[in-house]
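Enquirer: Turn this into a model:
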Amino acid sequence: MTGAAAQPIRVLVAEDQSAVRAGLVLILRSAPDIEVVGEAADGEEAVRLARELRPALVLMDIQMPRLDGVSATRRIVAEKLADVLVLTTFDLDEYVFGALRAGAAGFLLKDSDAAALLTAVRTVADGEGLIAPAVTRRLIAEFAGARGAPRHARKEDGPDPAVLDVLTPREREVLGCLGRGLSNADIALRLAMAEATVKTHVSRLLGKLELRSRLQAAVLAQELGVDGPQEADGAQGADGPQEADGP
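Expert: Next up is the predicted model:
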């Protein structure tokens with residue numbers, strides 16, 4: 001997205017509070033590589049505009065009138081209209097878990113600053129999907145039940161480990177890295193491969209496992225105990241400690 005010939009990231013902003021929406025639009029329009037193509041005040045309008053405008057990304061408030069953000073996310077992802085970056089207060093309630101199941105590509109705290117918002121949009125648009133590793137790990141752990149996910153978020157039966165049989169050994173390693181909340185750059189460093197190769201592996205494993213997002217793949221890795229390889233001796237991994245905060 002940094003090249004002179006690169007197309008701007010087309011973003012649809014869906015937020016019911018007009019003042020908040022105006023602030024988000026103002027921040028996004030301050031970036032030369034981001035274009036706000038539309039604004040929606042409710043979920044129904046968000047879906048309609050996503051169909052009409054075909055943005056690269058929808059910045060979606062999780063709680064909206066007429067059609068909530070979870071249902072709107074589900075429709076947009078199911079129709080493959082755009083990636084969805086969900087805005088949340090991150091209470092880890094049913095809305096957040098619902099958005100995860102619906103295929104949201106990432107989550108952003110509503111109180112994030114302008115720089116974090118722009119970084120999140122660029123990250124999701126670039127296919128990363130996982131925002132703020134520390135936050136992602138917390139969400140993954142809660143959803144997968146590693147720290148006691150809420151009853152409404154728990155599955156009665158866990159996934160069958162046999163679903164992983166379709167993956168190559170390398171794809172399993174990448175899946176394990178996703179479960180750790182690593183970015184493409186982190187995985188490339190961990191597995192000593194090009195970042196473009198990582199993206200190819202991620203795309204293939206999502207297709208094979210019939211998953212909608214990297215975040216869903218991360219949850220599956222946690223649920224099935226798929227652990228990525230450890231850092232090579234002496235490596236200064238970009239991941240850092242598992243509990244460490246990071247942008």
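Enquirer: just the strands in this protein please.
Expert: In the chain, the segments counted as strands under DSSP state E are 9-14, 34-40, 57-61, 83-88, 106-109.
Enquirer: Identify the residues contacting the second one?
Expert: Residues outside strand 34-40 that contact it (Cβ atoms under 8 Å, 6 or more residues apart in numbering) are 8-15, 21, 25, 28-29, 46, 48-49, 52-53, 55, 118, 121-122. Bear in mind the C-beta positions are built from the backbone N, C-alpha and C, glycine included.
Enquirer: Please work out which of the strands of the chain is packed deepest.
Expert: Sort the strands of the chain by mean neighbour count, taking mean count of other Cβ atoms under 10 Å, and strand 57-61 sits at the top with a mean of 27.
Enquirer: tell me the mean pLDDT over that strand?
Expert: Per-residue pLDDT values across strand 57-61 average out to 95.
Enquirer: could you dump it to PDB, C-alpha only?
Expert: The C-alpha trace of strand 57-61 is given here as PDB (Å, rounded to 0.1, in the frame of the first residue of the first chain):
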ATOM      1  CA  LEU A  57     -13.100  -3.100   4.300                       C
ATOM      2  CA  VAL A  58     -16.000  -2.300   6.500                       C
ATOM      3  CA  LEU A  59     -15.300  -0.600   9.800                       C
ATOM      4  CA  MET A  60     -18.300  -2.000  11.800                       C
ATOM      5  CA  ASP A  61     -19.700  -0.900  15.200                       C
END
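Enquirer: what's around Ile27, how many residues?
Expert: Ile27 has 20 neighbours, counted by other Cβ atoms under 10 Å.
Enquirer: Please read the previous query as pertaining to Ser112.
Expert: For Ser112, the neighbour count with other Cβ under 10 Å is 17.
Enquirer: now it: how far from Val219?
Expert: For Ser112, the distance to Val219 (Cβ to Cβ, to the nearest Å) stands at 22 Å.
Enquirer: where does the protein have low pLDDT?
Expert: Counting by pLDDT under 70, the chain has low-confidence residues at 1-5, 90-94, 129-158, 230-247.
Enquirer: Export the strands of the chain to JSON lines and append columns for distance to Val70.
Expert: Output for the strands of the chain, formatted as JSON lines (distance: least, Cβ to Cβ, whole Å):
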{"stretch": "strand 9-14", "distance to Val70": "12"}
{"stretch": "strand 34-40", "distance to Val70": "15"}
{"stretch": "strand 57-61", "distance to Val70": "9"}
{"stretch": "strand 83-88", "distance to Val70": "9"}
{"stretch": "strand 106-109", "distance to Val70": "12"}
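Enquirer: Can you give the distance of stretch 209-229 from its chain's centre?
Expert: Between the centre of stretch 209-229 and the centre of its chain there are 13 Å (Cα atoms, centre = their mean, to the nearest Å).
Enquirer: Flag every buried residue along that stretch.
Expert: By neighbour count on 16 or more other Cβ atoms under 10 Å, the buried set for stretch 209-229 is 209, 211-224, 226, 228.
Enquirer: How far does that stretch stretch from one end to the other?
Expert: By Cα to Cα, to the nearest Å, the extent of stretch 209-229 from end to end equals 20 Å.
Enquirer: Over to stretch 176-188?
Expert: First-to-last residue span, stretch 176-188, Cα to Cα: 13 Å.
Enquirer: got the buried residues for it?
Expert: 176-184, 186-188.
Enquirer: cool, stretch 159-174 as well?
Expert: By neighbour count with 16+ other Cβ under 10 Å, stretch 159-174 contains the buried residues 164, 167, 171-174.
Enquirer: Take these and lay them out in a markdown table including distance to Met60.
Expert: Formatted as a markdown table, the buried residues of stretch 159-174 follow (distance: Cβ to Cβ, whole Å):
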| residue | distance to Met60 |
| --- | --- |
| Leu164 | 31 |
| Leu167 | 30 |
| Glu171 | 29 |
| Arg172 | 32 |
| Glu173 | 32 |
| Val174 | 27 |
